[in-house]
Structures are given as C-alpha cells and as structure tokens.
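Peer 1: Got a predicted model here, sequence first, then my questions.
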Amino acid sequence: MKTPGLVVPPLTPFKDDLSVDFDVLQREVDYIVEDCGAMMVSAAGVETTEYHFLTFDERCELIRRTVEFVDGRVPSVVGVSHANVNTAIQLCHMAQDLGAHALQILAPLRPFGGAPTLDDLLTYYNSISAETDLPIMLYLNPGPGAEVNPAWTLELAKLDRVRYVKESSRDLARVSRLIEEIDHGGHAQYFTTMQMLLASIQLGGSGATMPPPGAYIANAIIRAFNAGDHAEAARLQRQFALWPARWMSYGLAPALKAAMEIVGLPLGNPYPPFKPVSDTDKEAMRVYLQGTHLFEDAHQEVIRARAA
C-alpha cells in the first residue's frame, strides 16, 4: 500500500519595498521540509504563492532560490504555468537546468474568453511535453485556470508525461471518481486540498497540496492515518472545517500569512492592493488556532527553534 504525502508550496514573503525576503523564505522552506513532512516542495506552483505579481525575472529568481533552499532534501516541483505556451516552455527549460523533479502546470483559460476545448488543452500540454523530459503535475483550479470536467481530466491524466494531478474542486463525488479512475487506474497520483485530505487518503488518493501552516496539521493527519489511529486523524481533519474558511473573504494568501504570523513565523503582508487580515479578525483567528494542533506543545517547540 502506498504512503500518502504532501506537496507544499512556500508562501512568498515580501519586504516593505515588495521585493522577496529570501532570508525569511529560507527559514520557511526549512520549516516545510523538516517540520511539515513535505514529500515535495512546489516552487511558485500555485496562486497562493502570489507569483503572478512578480515580473518574469523575479519569478525565475523565486523559483531558483526555492529550489536552492530545498537543496535536494525532497524533490522540487516547479510551477511553469503561463497562458503563453512558449513562456511556459522557457520556464520548463530553466526548471530542468535547476534539477527540478517535475513541472506543475495550470490548465489555462482562453485569454480571449470562453472555456478551452479538450483539444486546446491536449495541444497545450503536448507542446510542453515535447520540450522537456520532466514529469508533469497537471494542476486544475477553476477560476485562475480552466474548469476541466472529470472525463477530460482523465484524458489529460493519460498523457505520457503526466505523473501527478493536483485538483482543487473539494467535491467528494468528483474527488472519489478521479481517485478511482486516475490513481487506482494507474495513470497518475491524485492530490487534493486540505479540506478533502482525510477523505481522499481513505479512498486511496495520494495526498494533498497545501501551504503552511496547514501542512503541519496535514502531516499529523497522515501520520495518524498511517498508524491506524482514525479517531485522531478525524480530530485533526476537523480543524480544517472552519479554518481558513471563516477568513476566506480576504483570500487564501492573506489568511495563511495571518496564520503564519499568529503561530510565530511571520511572512509579511500580501502583495498590494490586497489587504492583510484586520487586527480584529486576526485576533479571532488566533483564538481559533489556539485550539488546534498548531498550538500544541510540540509545534510550539518547533516555532521557538525556528524563530531563534
């Protein structure tokens, strides 16, 4: 039986001048690898990392430094998503030169409007596949990317280079179908979101993708599940029922950056014009998080060591 795991994207810490704070990023990567049990680290792979606010050169530097900080301790998955397939290929070549393990690629929207066809998506991914030897993580997140139905998802998962699927629907019927057809079907490893983690691994999924500090809780869920302590796994999974959902009006990046500040590993503010969580709402989040795994003694010891 396979062991489920976590793909963890570091949140991007910004200084007051909006440059990336690489000293803080290095500390965060160490926390992700050593304390959150990441099986892979995703460099600029999801929208929560705010990579889309960066210039192309800044994005490349964020990727390069993230891979450098991971330092081969676990595989690095590099986000190369771009509506322009030639730009995505350029990022692919850089990722390959850096020694990345895989590429994370969002199913793109049509920039001129309307949903892409299956043929559009197959052409896009095949064009990239022809230019790299690296495995691909198919990334499906409607909104930032295209809405891809389950039947099309299966067709994309069958592509030769696709080895992983990260899907963000949070729909149990859809998740269970995709695990059955993709993971159990032997086409690729299927990863879900924090809210669906326990249900997914109970069904035989490969795990989840999520940033810190949620990844610390998720790692404990997986450990409890693997140990056969299903009551403990369920207790921990319930901690994702209200958090970060209650604070999602701010957006996921601001909500998670607020949580990182609360637990003691601050990463600065979200990129403007988006606002940080207000002091009042942050205090409500603090009260909630104090009842979670993040404020248990073991994690507090971890934080004290990281902050020293």
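Peer 2: It's in.
Peer 1: all helices for the protein, in order.
Peer 2: With helices called from DSSP state H, the chain shows them at 22-34, 56-70, 85-98, 118-129, 150-157, 172-178, 197-202, 214-226, 230-237, 252-263, 279-289, 297-307.
Peer 1: need those helices in a markdown table with distance to Gln189 and mean pLDDT, can you?
Peer 2: Backbone N, C-alpha and C define where each C-beta goes, glycine included. Shown next, in a markdown table, are the helices of the chain (distance: least, CB to CB, whole Å; pLDDT from 0 to 100):
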| stretch | distance to Gln189 | mean pLDDT |
| --- | --- | --- |
| helix 22-34 | 19 | 98 |
| helix 56-70 | 19 | 98 |
| helix 85-98 | 19 | 97 |
| helix 118-129 | 17 | 98 |
| helix 150-157 | 10 | 98 |
| helix 172-178 | 11 | 97 |
| helix 197-202 | 11 | 98 |
| helix 214-226 | 14 | 98 |
| helix 230-237 | 20 | 98 |
| helix 252-263 | 23 | 98 |
| helix 279-289 | 30 | 98 |
| helix 297-307 | 28 | 94 |
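Peer 1: Is it correct that Phe191 is in contact with Thr209?
Peer 2: Yes. Counting by CB atoms under 8 Å, Phe191 does reach Thr209; the two are 5.0 Å apart.
Peer 1: How about Leu197, nearest residue that isn't a chain neighbour?
Peer 2: Nearest residue to Leu197, sequence neighbours excluded (CB to CB, 6 or more residues apart in numbering): Ala208, at 4.5 Å.
Peer 1: mind listing what that neighbour touches?
Peer 2: Taking CB atoms under 8 Å, 6 or more residues apart in numbering, we find Ala208 in contact with Leu6, Val7, Phe191, Thr192, Thr193, Met194, Met196, Leu197, Ser200, Ala218.
Peer 1: mind giving me TSV with the residues you listed and columns for distance to Cys60 and neighbour count?
Peer 2: As requested, these are arranged in TSV below (distance: CB to CB, whole Å; neighbours: other CB atoms under 10 Å):
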residue	distance to Cys60	neighbour count
Leu6	25	28
Val7	21	27
Phe191	25	28
Thr192	29	29
Thr193	27	20
Met194	28	22
Met196	32	24
Leu197	31	28
Ser200	33	25
Ala218	29	31
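Peer 1: from those residues, which two are the most distant?
Peer 2: Of all pairs drawn from the contacts of Ala208, the widest gap by CB to CB lies between Val7 and Met196 and measures 14.0 Å.
Peer 1: what bridges to Val20?
Peer 2: Beta-bridge partners for Val20, by DSSP bridges, are Phe14.
Peer 1: Just give me the neighbour total for it.
Peer 2: 21 (other CB atoms under 10 Å).
Peer 1: Would you mind confirming that it is in contact with Leu11?
Peer 2: No. Between Val20 and Leu11 there is no contact under CB under 8 Å: 11.0 Å.
Peer 1: what's the burial count for His52?
Peer 2: 12.
Peer 1: Quick check: neighbours shared by Phe191 and Thr209?
Peer 2: Common neighbours of Phe191 and Thr209, counting by CB under 8 Å, 6+ apart, are Val7, Lys166.
Peer 1: can you list the helices of the chain in a markdown table and add distance to Asn141?
Peer 2: Shown next, in a markdown table, are these (distance: least, CB to CB, whole Å):
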| stretch | distance to Asn141 |
| --- | --- |
| helix 22-34 | 20 |
| helix 56-70 | 18 |
| helix 85-98 | 16 |
| helix 118-129 | 14 |
| helix 150-157 | 12 |
| helix 172-178 | 13 |
| helix 197-202 | 16 |
| helix 214-226 | 16 |
| helix 230-237 | 21 |
| helix 252-263 | 11 |
| helix 279-289 | 24 |
| helix 297-307 | 28 |
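Peer 1: For Val46, which of those is the nearest?
Peer 2: Using CB to CB, the nearest of the helices of the chain to Val46 is helix 252-263, at 9.0 Å.
Peer 1: Who are the packing partners of the closest one?
Peer 2: Where contact means 3 or more CB pairs under 8 Å, 6 or more residues apart in numbering; DSSP states H and E, helix 252-263 is packed against helix 279-289.
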